[in-house]
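# no sequence for this one, just the structure:
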């Protein structure tokens, strides 16, 4: 784990000497939504003894003791005086048996050890009182904590005293800690300085974030074990993917460059803290973490009740390489003092409520952090301004720049062209403008996410051609113009292209271009170009993209026939071609062979004649939209074989006869208005239908009677009413849920996608491994 077997045996022996009542239970609790479970968590047993960790009951006892400790000390002096009087009396009258407790024990069925035990307890309390006094003197004189935080009156209020985390930690170390660490001298440096501050800082973190009565997993915090053993391992969904959370240690510090370093001793040094997500932390981060002077990694995530600011004192952690405080309620500025963290590589502060204004130079300190390889500030909507040019140009080692859903605006700075190591660029959900030519020379780019901005550059055939490692490209919902760059179809590594919702007007690459491609076969799986104004015909060469699973060319101005070569895409699951200007024709016969289809959208595609019987053979369909065409005759009852169907849209056709289809129990949406269907919908109404729109309306003025009798319809229309159901019903164009594409910021896209932990956690664990803090 963190030490060799001999070290582990030593730690365990020390713990056993302090307390021999450790339990070894496993609670198997889940701590991540995706199934992260504890392998060894002993903290939730209400019957555990003090030597094995603090339960909620013990925490309550600690607070109660703290509240009455000073009163008890006074009482202790009085009791000691009374015992002295009793002892003197016994000696005077010559009855030594009383002191031994022998006569009391024999006369009380083995009672509690008599006055000898009472004398021993009094002596121990006297020692504890002295230890507590020495602890406070040391913490104050050596500026370990502010004196105001160590006062018994620090948080007195209307409802009594609420002791600070610092006071509670000091009291615990002096009186309750089974490890009984030596208290350093308040005036001179000693070997005990580093170990004492290390254990104290972790205890303050525990108390400051609700460890006593909030944490779900305590990981042996505040136990008789050495703090380097305050760690548990967890598994993901029962597979062999093991994650470690807790306190991590190196055998010795990296450097010895001060007098205090020399006294440290090079033993059991805390270099990492990675706490389990969703651990119900409550409170704020204490500044005392700065005393973990060799800390290389600090990771806390998914803690919505972790409040306050990021302490600027953490800038003293000169060895820090990873700072990951993610998805909490931390607010305020990112401390400018962090510019001193020269070794920081990963800055991951996404999902908080942090503030910054680049026009006020609030992020300029980043230019001094030249070791940074990753910056993630996602979903901090109060971080605003333009991207600082000088700052970015200085970060030559940056590989990941992730700033989605912030308040950035304006053009991208020219300095971005200096980020030659950049592999992932995520700027979605901001207000950036202008073009993106400055990133076209960043040949290491693998991921580009620029969707939902106001970029308005013009694409040509040369764009993206040099980005030979590119895997995912999303520039959707901007104002880009021009054509789909031909070079995209020549990038063998490319998997996702989303250029939908732009102003591109030119044609797709020609059939001749596709035929001329002689490199490795395309790995493109996801191609979405919907909602542009692209013209011309769909080239037959699209059928060469054999790995496509999703193709969306809908809502454009394509003309001619739908090319039959699309039917050669055997892996295709989703096909959206609707709302174009195709020539009128029957439903293409080649669709019959596309048995893997789950979603088919041919709305407004000039389809004529009838709905073919063979459509019922596509039994994986969950979404079928044939609305807005010229289809006539009856609905084939073979559609009753589509038992997975959830959405059926057939409105604005010339269909007639009875509806039927009562077998489709999974249907949630049925849109069949503006047809000539008759009868009733009783069979359909037996199932739960969220949206049901049909011609069940009437208009006595116009003499229009209901065509369908529908008792569960959510909207009843009638012929001749163009305002009824005038909204457009579309499927999920991006198909993000189906491919995990929409959750890319949180989930691993590797072989275990959908079951492994999120990539941020994998990234943290990988970094800890790289530091040598975890098993490889």
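That came in fine, so what should we check first? Since we're looking at a predicted model, the values are computed, not measured. Numbers count the residues shown, from 1 in each chain.

# my guess is residue 175 is in a strand, correct?
No. Going by DSSP: H, G, I helix; E, B strand; the rest coil, the assignment for residue 175 is helix, not a strand.

# for the remainder of this discussion, apply numbering that starts at 4.
In the new count, where the first residue is 4, that last one comes out as residue 178.

# find the nearest non-adjacent residue to it, please.
residue 131 (4.5 Å; CB to CB, 6 or more residues apart in numbering). Every residue, glycine included, has its C-beta placed from N, CA and C.

# separation between the one you found and residue 125?
11 Å (CB to CB, to the nearest Å).

# which strands and helices lie in contact with the top strand by length along the chain?
Identified as the longest strand of the chain according to DSSP state E is strand 245-253. Judged by 3 or more CB pairs under 8 Å, 6 or more residues apart in numbering; DSSP states H and E, strand 245-253 is in contact with strand 234-239, strand 272-277, helix 762-773.

# which other helices and strands contact whichever strand or helix holds the residue nearest to residue 178?
Using DSSP states H and E, residue 131 falls within helix 117-144. Other helices and strands packing on helix 117-144, by 3+ CB pairs under 8 Å, 6+ apart, are helix 59-96, helix 100-103, helix 105-109, helix 168-174.

# mean confidence score for the second one?
Here helix 100-103 scores 29 as its mean pLDDT.

# sorry, back to before: relative to strand 272-277, how tilted is the longest strand of the chain?
150 degrees (axes from the mean of the first three to the mean of the last three CA atoms, to 10 degrees).

# go through strand 245-253 and flag the buried ones.
By neighbour count with 16 or more other CB atoms under 10 Å, strand 245-253 contains the buried residues 246-253.

# and stretch 310-326, by the same measure?
Residues 310, 313-320, 322-326 are the ones in stretch 310-326 that count as buried (16+ other CB under 10 Å).

# mind listing the strands in the stretch 204-353 of the chain by residue range?
For the stretch 204-353 of the chain, applying DSSP state E, counting those that start in this stretch gives strands covering 234-239, 245-253, 272-277, 286-287, 300-306, 309-310, 325-331, 334-336, 349-351.

# distance between the ends of stretch 443-458?
15 Å (CA to CA, to the nearest Å).

# please point out which parts of that stretch sit buried.
443, 445, 448-456, 458.

# that older thread, next, count neighbours for the residue nearest to residue 178.
17 (other CB atoms under 10 Å).

# any idea how far it lies from residue 179?
Taken as CB to CB, the span from residue 131 to residue 179 is 9 Å.

# so where do the helices sit in the protein?
Using DSSP state H, the helices of the chain run over 8-21, 59-96, 100-103, 105-109, 117-144, 168-174, 196-211, 262-267, 392-397, 514-519, 685-688, 739-742, 762-773.

# need the buried residues of stretch 443-458 in JSON lines (columns: distance to residue 191).
Below are those laid out as JSON lines (distance: CB to CB, whole Å):
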{"residue": "443", "distance to residue 191": "62"}
{"residue": "445", "distance to residue 191": "55"}
{"residue": "448", "distance to residue 191": "56"}
{"residue": "449", "distance to residue 191": "55"}
{"residue": "450", "distance to residue 191": "55"}
{"residue": "451", "distance to residue 191": "58"}
{"residue": "452", "distance to residue 191": "56"}
{"residue": "453", "distance to residue 191": "59"}
{"residue": "454", "distance to residue 191": "61"}
{"residue": "455", "distance to residue 191": "60"}
{"residue": "456", "distance to residue 191": "60"}
{"residue": "458", "distance to residue 191": "63"}
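
# quick one: the residues you listed as CSV, columns for pLDDT and distance to residue 714 too.
Below are these laid out as CSV (pLDDT from 0 to 100; distance: CB to CB, whole Å):
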residue, pLDDT, distance to residue 714
443, 94, 60
445, 96, 61
448, 95, 57
449, 94, 55
450, 94, 51
451, 95, 51
452, 95, 47
453, 96, 49
454, 95, 43
455, 96, 42
456, 97, 47
458, 97, 50
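
# closest to residue 601 among the residues you listed?
Closest approach to residue 601 among the buried residues of stretch 443-458 (CB to CB): residue 454, at 23.7 Å.

# for the closest one, give its distance to residue 511.
Using CB to CB, residue 454 is found at 21 Å from residue 511.

# again, but for residue 309
50 Å.

# kindly report the same for residue 679.
Here the criterion is CB to CB. By it, residue 679 lies 38 Å from residue 511.

# comparing the two, which residue is more hemmed in?
residue 511 (24 against 13).

# and that one, what does it touch?
486-487, 532, 537, 539, 541-542, 545 (CB atoms under 8 Å, 6 or more residues apart in numbering).

# now do stretch 363-372: distance to the chain's middle.
26 Å (CA atoms, centre = their mean, to the nearest Å).
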